[in-house]
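*Asks:* Pasting a predicted model and its sequence here:
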Amino acid sequence: MNNIVFLIMRRMRLPLLTLVTVYAITVLGMTLIPGRDADGNLWHMDIFHAFYFVSFMSTTIGFGEIPYAFSDAQRLWVTFSIYVTVIAWLYAIGTIISLLQDKTFQRAVAERLFARKVRQMREPFYLVCGYGETGQTLVRAFTERGQHVVVLDRDEERIAMIQLQDLRDYVPALAADARHPLHLQEAGLPHPACAGVVAVTDDNLTNLKIAITSKLLHPDIKVICRADSRDVEDNMASFGTDEIVDPFETFARHLVLALQMPCLYLLQRWLGGERGAALEEPVYPPAEGRWLVCGYGRFGKAMVARLAREGIDITVVEARPDITGEPPPGYVLGRGTEARTLREAGIDEAVGLIAGTDDDANNLSIVMTARELRPDLFVILRQNHSENRDLVQAVNADMVMQPSAIIAERIRVLLATPMLSRFFSLAVHRENDWACELIARLIALLGDQVPLVRELQINVTHANALLRHLQRGEVVRLGEVLRDPWQRERKLCCLVLMVERRGEHILVPGDDFRVAAGDRLLVVGQESAFTRLAWNLGHDAALDYVLTGRPAPQGWLWRRLTRGAR
Amino acid sequence: MNPEKVIFGFFIVLSLTLNFGFVLGEIDDPAHHHVYELFAVVVVNLIATILKFGDRSQMGAVLLATSLVAIMQLFAAVLVWVMAVHVNGVGLTETVTASIVSLSAGAMLANVVSVILLIIETVMLRR
């Protein structure tokens, strides 16, 4: 506020001074120069009339000579006055207009509006720093779920894009450097409704700075950061950043999961996918045999480290080992885009290939060359930019690694359904067959679209009716509740993946599982199942019907009567 | 020497001296209070006020406030003058003159405060 007023006042000082001076001189001149009245007597204009005359003269010029026709001396002065006052006015108005067009001024106004919008937010919101590909995917997913978001990005063009993107919710956004604590504060970091900070700029150090600022200014807030170097990750973890997402490390983990437990990997793809998307086909990367890794950058290093730990043979192909660092022994010098290099690296005996350079054109070329040599090869493609989507689809790689999508998916799961991420970390310790069976059950229950995953807690807001039942000491089993409130013989199309009870986790509880107050359920299912489940949990009549088969009497009188009859 | 300070101090002191010159004399005698003097006081006060625009210091804010008070008082005096001489046609009677002069005397008090503040600021700077 103050900034803007001071800016205007400072800029307007000289134009206003000019106006006052010019007016004073012209008014004074008008009063001093003698004229003649209608009878030819000597006459002086008084100050009041002179001011009146100058005021309308300078702004309109369409005027008469009042109250008497002017003498030539007066006309000479008026001629001079017209030019001086008009110039003074043009100068003043021009200054105001140029001030309105001034970048500094506009930024000050935008910043002030933004800060006010954020201050007025009453519902929980997430602060997303960085509106690149990851940020955009995240913001879209959040707003689709009815979650409020505030966006900071250094690039004005990206911020301007928000208005064009047709998001479901209004998203306050500011083009400002998130490294400055002031901007983070304006974006609502200290706001009590701020639920979390997501730092997904493309610069490690910026993300680090955002994490530090957030943890210092609002310590109990959830902070999720993108990082792709070991150093920065350790640094972030040292001051308690809640989650650090490294796209390369995450994908490497995914690949290992796909190698060892393809069913669990598929489950992860299905449940973590974006709502409404088609379910993915299962992939079976070969676990036996040699893999070629083209590109030994951040991605290549993460892949090599993970695969080596699983005991898989690797040959690295790298054109500039002087920049990336020395790959493990036996590497081949070259880009991998030519058949000769790939042959040299032993593509004829290999089972899989990872095209992992930071250049999309090179990666596509590697995949196409490799496919020509060995059509049966399992190919993983790194896609750096989302605008190359069509090309990547056309080349039809077995797996695509797109950093921005991986980060967005991981953060979405962490913020929306943290229990799902917990579920997968526990499920890795199970057998692959267990996951395959789960997949089979899910296919039977759900259609061919990514299902809805939600967390439900047995509490007053979500399950009032069920809570009352439990408090009366009645035993309620999971299988009894997950039934259709219109027709209790039919089961609801949903599945409880996990129950969290006082820090303990029960994976995929059976139908005879006894529900207790305070349980947190991780449920996957179709949208219709969730609405019906909400009826069962929240309304006595529906719950009584699914539990006993007949609706309990609702009104006071009816309850009296039936009690008598029983 | 800061030329901005010179101009600033010049106009603040000038508005006080002109104001004083206008107020000086019998309070109800129109002959002692010339209209041109009032005109000059108003113009110089306006300039002094605008000069204080955009000063972010505490002293600047107080100076702006006193100047605004002076301007308000002077506008009231001018209004009385215009009403009496041009609108009502009463002319500069003793009552009218007295109220014009007392209003501008109030403006002078505000100008005195301005000058005192200016002196205080200068003294603090020296120390």
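*Replies:* Looks like it came in fine. Numbering: from 1, shown residues only, chains lettered A, B, ... in the order given.

*Asks:* Where do the helices of chain B begin and end?
*Replies:* In chain B, the segments counted as helices under DSSP state H are B:3-23, B:35-51, B:58-82, B:94-126.

*Asks:* Give me whichever of the ones you listed is most buried.
*Replies:* Most buried of the helices of chain B, by mean neighbour count (mean count of other Cβ atoms under 10 Å in any protein chain shown): helix B:35-51, with a mean of 22. (Each C-beta comes from the backbone N, C-alpha and C, glycine too.)

*Asks:* tell me the angle that one makes with helix B:94-126.
*Replies:* Between helix B:35-51 and helix B:94-126, the angle comes out at 40 degrees (axes from the mean of the first three to the mean of the last three Cα atoms, to 10 degrees).

*Asks:* Distance from the chain centre to helix B:35-51, please.
*Replies:* 7 Å (Cα atoms, centre = their mean, to the nearest Å).

*Asks:* That helix - contacts with which helices or strands?
*Replies:* When contacts are defined as 3 or more Cβ pairs under 8 Å, 6 or more residues apart in numbering or on different chains; DSSP states H and E, helix B:35-51 sits against helix A:2-32, helix A:47-60, helix B:3-23, helix B:58-82, helix B:94-126.

*Asks:* Dump it to PDB, restricted to CA.
*Replies:* This file holds the C-alpha atoms of helix B:35-51, laid out as PDB (Å, rounded to 0.1, in the frame of the first residue of the first chain):
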ATOM      1  CA  VAL B  35      -5.400  40.300  -1.200                       C
ATOM      2  CA  TYR B  36      -2.100  39.800  -3.100                       C
ATOM      3  CA  GLU B  37      -0.400  38.800   0.000                       C
ATOM      4  CA  LEU B  38      -3.000  36.200   0.700                       C
ATOM      5  CA  PHE B  39      -2.600  35.000  -2.900                       C
ATOM      6  CA  ALA B  40       1.200  34.700  -2.400                       C
ATOM      7  CA  VAL B  41       0.700  32.900   0.900                       C
ATOM      8  CA  VAL B  42      -1.600  30.300  -0.800                       C
ATOM      9  CA  VAL B  43       0.700  29.700  -3.700                       C
ATOM     10  CA  VAL B  44       3.900  29.300  -1.600                       C
ATOM     11  CA  ASN B  45       2.100  27.100   0.900                       C
ATOM     12  CA  LEU B  46       0.900  24.800  -2.000                       C
ATOM     13  CA  ILE B  47       4.500  24.600  -3.300                       C
ATOM     14  CA  ALA B  48       5.800  23.800   0.200                       C
ATOM     15  CA  THR B  49       3.200  21.000   0.600                       C
ATOM     16  CA  ILE B  50       3.900  19.400  -2.800                       C
ATOM     17  CA  LEU B  51       7.600  19.500  -2.000                       C
END
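
*Asks:* Enumerate the residues of chain B near chain A.
*Replies:* B:35-36, B:39, B:43, B:46-47, B:50-51, B:53-54, B:56, B:81-82, B:85-86 (Cβ under 8 Å from any Cβ of the partner chain).

*Asks:* quick one on the thing from earlier: and of the helices of chain B, who's closest to A:Pro485?
*Replies:* helix B:58-82 (67.5 Å; Cβ to Cβ).

*Asks:* what angle do that closest one and helix A:47-60 make?
*Replies:* Using the same axes, to 10 degrees: helix B:58-82 against helix A:47-60 is 110 degrees.

*Asks:* by contact count, what packs against helix B:58-82?
*Replies:* For helix B:58-82, the packing partners by 3+ Cβ pairs under 8 Å, 6+ apart are helix B:3-23, helix B:35-51, helix B:94-126.

*Asks:* could I get these as a markdown table with mean pLDDT?
*Replies:* Formatted as a markdown table, the helices and strands packed on helix B:58-82 follow (pLDDT from 0 to 100):
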| stretch | mean pLDDT |
| --- | --- |
| helix B:3-23 | 91 |
| helix B:35-51 | 92 |
| helix B:94-126 | 90 |
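
*Asks:* any chance of these in JSON lines, plus distance to A:Asn464?
*Replies:* Shown next, in JSON lines, are these (distance: least, Cβ to Cβ, whole Å):
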{"stretch": "helix B:3-23", "distance to A:Asn464": "71"}
{"stretch": "helix B:35-51", "distance to A:Asn464": "66"}
{"stretch": "helix B:94-126", "distance to A:Asn464": "67"}
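
*Asks:* Might you report the residue contacts of the residue of chain B found nearest chain A?
*Replies:* When distances are taken as Cβ to the nearest Cβ, chain B reaches nearest to chain A at B:Gly54, 3.2 Å away. Going by Cβ atoms under 8 Å, 6 or more residues apart in numbering or on different chains, B:Gly54 touches A:Phe6, A:Leu7, A:Met9, A:Arg10, A:Arg11, A:Arg13.
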